[in-house]
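[1] need coordinates for the following:
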Amino acid sequence: MPVPDYIFLKVSVLKKALSILPKKEKDIELLHFHSRTDPYSGETVIIRYRFKNALWYRIDNKRTTESRHILVRPANADEKHIHLTVQGLFRKNKYEIELVDGDAYITELSQN
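    Residues are numbered from 1 along each chain as shown. Down below sits the predicted model:
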């Protein structure tokens with residue numbers, strides 16, 4: 001019987017929380033953000049991000065621990081806005097990713 005994905009998510013979050021708990025500085029900090037067009041499909045953009053002290057991410061209303069996401073390019077050079085919530089230990093930061101012509105830009109909206 002296969003193990004459901006949410007169990008792996010909870011185990012991963014628990015391991016990260018135990019590694020953050022002894023740290024003095026628990027603030028969430030953007031370490032790396034990079035985007036590029038998928039070389040095999042010109043219609044998707046791959047974004048990679050890394051945050052210090054992040055437990056999990058909520059992007060497109062999906063909870064994940066992955067540090068990359070694949071987005072469909074907007075048609076006719078329209079802008080596309082994606083909301084990214086980074087959950088840390090007793091902290092949460094909200095970001096907006098703006099996708100314009102295959103390039104992605106990130107902006108911090110709020111800190112909690």
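
[2] hang on, Ile7 in a helix?
    Yes: judged by DSSP: H, G, I helix; E, B strand; the rest coil, Ile7 forms part of a helix.

[3] run a quick neighbour tally on it.
    Around Ile7 there are 9 other residues, counting by other Cβ atoms under 10 Å. Where you see a C-beta, it was placed from the backbone N, CA and C, and this is true even at glycine.

[4] and what of Gly88?
    21.

[5] got the contact list for it?
    Residues in contact with Gly88 (Cβ atoms under 8 Å, 6 or more residues apart in numbering) are 20, 26-28, 51, 53-55.

[6] spell out the residue ranges of the strands in the chain.
    For the chain, strands defined by DSSP state E occupy the ranges 29-37, 44-52, 54-59, 62-64, 68-72, 80-88, 92-100, 103-111.

[7] now those strands in a markdown table, with distance to Leu9?
    A markdown table is the format used below for the strands of the chain (distance: least, Cβ to Cβ, whole Å):
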| stretch | distance to Leu9 |
| --- | --- |
| strand 29-37 | 22 |
| strand 44-52 | 17 |
| strand 54-59 | 7 |
| strand 62-64 | 7 |
| strand 68-72 | 15 |
| strand 80-88 | 12 |
| strand 92-100 | 17 |
| strand 103-111 | 23 |
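
[8] pipe the ones you listed into TSV and attach distance to Lys16 and mean pLDDT per row.
    Converted to TSV, those look like this (distance: least, Cβ to Cβ, whole Å; pLDDT from 0 to 100):
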stretch	distance to Lys16	mean pLDDT
strand 29-37	15	91
strand 44-52	11	91
strand 54-59	5	90
strand 62-64	13	87
strand 68-72	17	85
strand 80-88	9	90
strand 92-100	15	90
strand 103-111	19	85
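
[9] any idea which of these gets closest to Val13?
    Of all the strands of the chain, it is strand 54-59 that lies closest to Val13, at 5.1 Å by Cβ to Cβ.

[10] one step back: would you tell me which of the strands of the chain gets closest to Lys15?
    strand 54-59 (9.7 Å).

[11] what's the offset of that closest one from the middle of its chain?
    Taking Cα atoms, centre = their mean, to the nearest Å, one finds strand 54-59 lying 6 Å from the centre of the chain it belongs to.
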